[in-house]
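J.: Have a look at this fold, sequence not included:
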């Protein structure tokens, strides 16, 4: 849960100084961990705890949180190396990652637990530790629903974040999932580039407006990159964040509408499993940028968590040939889809919008998959 902080000028200065001090301390602890090969929390804390308090002005609990942040960062790096996310061991990116200690940006997020951060929900204020002492009555803004969820489900740490001069607290909320009901049927969702989402009901969420917006942003980025000035670089970063927020909002709107329809009609939601599509699909040069910025994965994530929160069943099914298979006779052929927007079965003559047909195929596969998932296990 993200809430916006409303600090005064003096409070903002104290928060900025605190964030910088905590990240300098974390960078120092990271260098010690790298040199002495300390990967466990207790061993690193014994080594740097005194220095973090004496040199960087941290009190006991913020020093512990800084050590924990360093240990978690190295654990994440190790997992990425093992998974191959940084390339093979011979790659430049891999060698750089293992040859230098992790450094933390001055504005990197800093976790606070209940010993150094407390919430006053009725007053909509927080009390937080800073390098200038305990800061009380720091106001925050959120919706009534967010406030209700914070009071009922907030647990554990909250991260202090600064973005573009605005301060936020990101609180962890442990919300129990409602019981998933048995669906009466399924809504198949076909995700695409031109049409971001098309359901088996024939509802089409077009992506043309988003595509035009992104093409316009790409032109502006090219103009700024040509200037090669520091102010142009700052503007580029601002535009990138703005474009990401816009795409996220579009995905939130689409997923919220689909989940509300499924909840109202008692159906589940099924989507294609599109993991690894960028590696499987070969495109022309002018199409690669479109695919790399295509927010299909985020849309699937939004559908999954919104469905889980609403108690709606959610399934990912095999994506193979969903746009080429006839849902009536089962005939599968590339010629069944003569154009991007049109489907016509070469065997039985079934015709219709290609994305709707793909959504129907996704729905049919979900019906079969759900029967298999809910089938009782054979007795020994």
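T.: Good, I have the coordinates. Given the structure is predicted, the values throughout are model-derived calculations rather than measurements.
J.: switch to C-alpha atoms for all contacts and neighbour counts from now on
T.: Fine.
J.: Might you report the residue contacts of the residue nearest the centre of the chain?
T.: Computing the C-alpha centroid of the chain and ranking residues by Cα atoms, centre = their mean puts residue 298 first, at 6.6 Å. Applying Cα atoms under 8 Å, 6 or more residues apart in numbering, we find residue 298 in contact with 248, 251.
J.: Would you list the phi and psi of it?
T.: For residue 298, the backbone dihedrals are phi -70, psi -40 (criterion: degrees, to the nearest 10).
J.: Ok, residue 180 next?
T.: phi -80, psi 120.
J.: Quick check: the residue nearest to the centre of the chain vs residue 171, distance?
T.: Using Cα to Cα, to the nearest Å, residue 298 is found at 21 Å from residue 171.
J.: show me what contacts residue 76?
T.: By Cα under 8 Å, 6+ apart, residue 76 has no neighbours at all.
J.: ok so it is a helix residue?
T.: Yes. Under DSSP: H, G, I helix; E, B strand; the rest coil, residue 76 sits within a helix.
J.: Show me the strands in the stretch 201-350 of the chain, by range?
T.: 204-206, 268-272, 314-317, 342-344 (DSSP state E, counting those that start in this stretch).
J.: Can you list the strands that the first one pairs with?
T.: Paired with strand 204-206 in the same sheet, following DSSP bridges, are strand 195-199 (antiparallel).
J.: Tell me what angle the partner strand forms with strand 268-272.
T.: 140 degrees (axes from the mean of the first three to the mean of the last three Cα atoms, to 10 degrees).
J.: could you say what helices and strands the helix or strand where residue 169 lies packs with?
T.: Following DSSP states H and E, one finds residue 169 within strand 166-173. On a contact count with 3 or more Cα pairs under 8 Å, 6 or more residues apart in numbering; DSSP states H and E, strand 166-173 meets strand 2-5, helix 144-153, strand 154-163.
J.: shouldn't residue 355 be in contact with residue 198?
T.: Yes. Here residue 355 lies in contact with residue 198, judged by Cα atoms under 8 Å, at a distance of 6.0 Å.
J.: intersection of neighbour lists for the two?
T.: In contact with both residue 355 and residue 198: residue 190, using Cα under 8 Å, 6+ apart.
J.: Any idea how far apart the tips of stretch 97-105 sit?
T.: Calculated as Cα to Cα, the first-to-last residue distance of stretch 97-105 is 16 Å.
J.: still on that earlier bit, as a markdown table, the helices and strands packed on strand 166-173 with mean pLDDT, mean neighbour count and distance to residue 117 would be great.
T.: Formatted as a markdown table, these follow (pLDDT from 0 to 100; neighbours: other Cα atoms under 10 Å; distance: least, Cα to Cα, whole Å):
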| stretch | mean pLDDT | mean neighbour count | distance to residue 117 |
| --- | --- | --- | --- |
| strand 2-5 | 96 | 18 | 13 |
| helix 144-153 | 93 | 14 | 14 |
| strand 154-163 | 93 | 18 | 8 |
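J.: for the record, mean pLDDT for the helix or strand that contains residue 46?
T.: In the assignment (DSSP H and E), residue 46 maps to helix 41-56. What helix 41-56 shows for mean pLDDT is 94.
J.: Could you do stretch 62-73 as well?
T.: Rounded mean pLDDT across stretch 62-73 is 95.
J.: Ok, stretch 258-265 next?
T.: 96.
J.: Starting from residue 168, give me the distance back to residue 189.
T.: Distance from residue 189 to residue 168, by Cα to Cα: 34 Å.
J.: In terms of neighbours, single out the busier of those two.
T.: Just comparing residue 189 and residue 168: by other Cα atoms under 10 Å the higher neighbour count belongs to residue 189, 30 against 20.
J.: neighbours of the closest residue to the more buried one other than its chain neighbours, just the number please.
T.: Of all residues not flanking residue 189 in the chain, residue 199 sits nearest, at 4.5 Å (Cα to Cα, 6 or more residues apart in numbering). The tally of other residues near residue 199 (other Cα under 10 Å) stands at 25.
J.: which ones are touching residue 199?
T.: With Cα under 8 Å, 6+ apart, residue 199 has these contacts: 187, 188, 189, 190, 356, 359, 360.
J.: I'd assumed the second one was in a strand, is it?
T.: Read that as residue 188. Yes. Counting by three-state DSSP, residue 188 is located in a strand.
J.: Please name the bridge partners of it.
T.: Applying DSSP bridges to residue 188 yields these beta-bridge partners: residue 270.
J.: I'd say it and residue 270 touch.
T.: Yes. The pair residue 188 and residue 270 qualifies as a contact (Cα under 8 Å) at a distance of 4.9 Å.
J.: Need the residues touching each of the two.
T.: What both residue 188 and residue 270 touch, as defined by Cα under 8 Å, 6+ apart, is the set 362, 363, 366.
J.: Of those, which is the nearest to residue 65?
T.: If you rank the shared contacts of residue 188 and residue 270 by distance to residue 65 using Cα to Cα, residue 366 comes first, at 44.7 Å.
J.: surely the closest one meets residue 272?
T.: No. The pair residue 366 / residue 272 is not scored as a contact, 9.7 Å apart, by Cα under 8 Å.
J.: Give me the common contacts of the two.
T.: Shared contacts of residue 366 and residue 272, counting by Cα under 8 Å, 6+ apart, come down to 316, 317.
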